[in-house]
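Visitor: here is my input; please provide its structure:
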Amino acid sequence: MTFAEKNDKLITGIVSGFLLPVIISFFIFLFAEGDPGLRLWINRIQLSGIATHVISLCVFPNVLIFLLFNHFDMLRASRGVLAITIAWAILVLIIWL
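Guide: Numbers count the residues shown, from 1 in each chain. As a prediction, this is how the structure comes out:
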């Protein structure tokens, strides 16, 4: 059984589709100007009205994971990434409204 066959599960896609945006947001936080604390950084994003932009920026790399899973014919994992990306999009829509 190959690596792709073993990891072609819906949960693999969901976990990777959730963790990649969290990791990217952590890197954005690390390189934020002024070295703010986490709570201050979140408040600054909310007050400036760019929370939906930051979330969208963090979720965009899910496209790369989706395409990578498709390339290796891991269709169940691709479905998981797509599902969690849609969930992130719904969250952005809720925050935007």
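Visitor: after the helix or strand containing Ser56, next one along is what?
Guide: Using DSSP states H and E, the element containing Ser56 is helix 51-59. Following helix 51-59 in sequence order, the next helix or strand is helix 62-71 (DSSP H and E).
Visitor: now the helices for this structure?
Guide: 3-7, 10-30, 38-48, 51-59, 62-71, 75-96 (DSSP state H).
Visitor: got the buried residues for the fifth one?
Guide: Translated: helix 62-71. 62, 65-66, 69 (16 or more other Cβ atoms under 10 Å). In this view, the C-beta of every residue, glycine as well, is placed from N, C-alpha and C.
Visitor: backbone dihedrals for Met74, please?
Guide: Torsion angles at Met74 (phi, psi; degrees, to the nearest 10) stand at phi -100, psi 70.
Visitor: now the closest residue in space to Ile14 that isn't next to it in sequence: how far from His71?
Guide: Once flanking residues are discounted, Ile14 sits nearest to Gly80: 4.1 Å by Cβ to Cβ, 6 or more residues apart in numbering. Between Gly80 and His71 the distance is 16 Å, computed by Cβ to Cβ, to the nearest Å.
Visitor: re the thing from before, can you redo the helices of the chain as TSV with mean pLDDT?
Guide: Converted to TSV, those look like this (pLDDT from 0 to 100):
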stretch	mean pLDDT
helix 3-7	76
helix 10-30	90
helix 38-48	86
helix 51-59	88
helix 62-71	92
helix 75-96	90
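Visitor: how near is the nearest residue to Leu20 once chain neighbours are set aside to Gln46?
Guide: Leaving out its chain neighbours, the residue that sits closest to Leu20 by Cβ to Cβ, 6+ apart is Pro61, at 5.6 Å. Here Pro61 is placed at a distance of 23 Å from Gln46 (Cβ to Cβ).
Visitor: go on, Cys58?
Guide: 15 Å.
Visitor: between the two, which one's more packed in?
Guide: Using other Cβ atoms under 10 Å, the more surrounded residue of Cys58 and Gln46 is Cys58, with 19 against 12.
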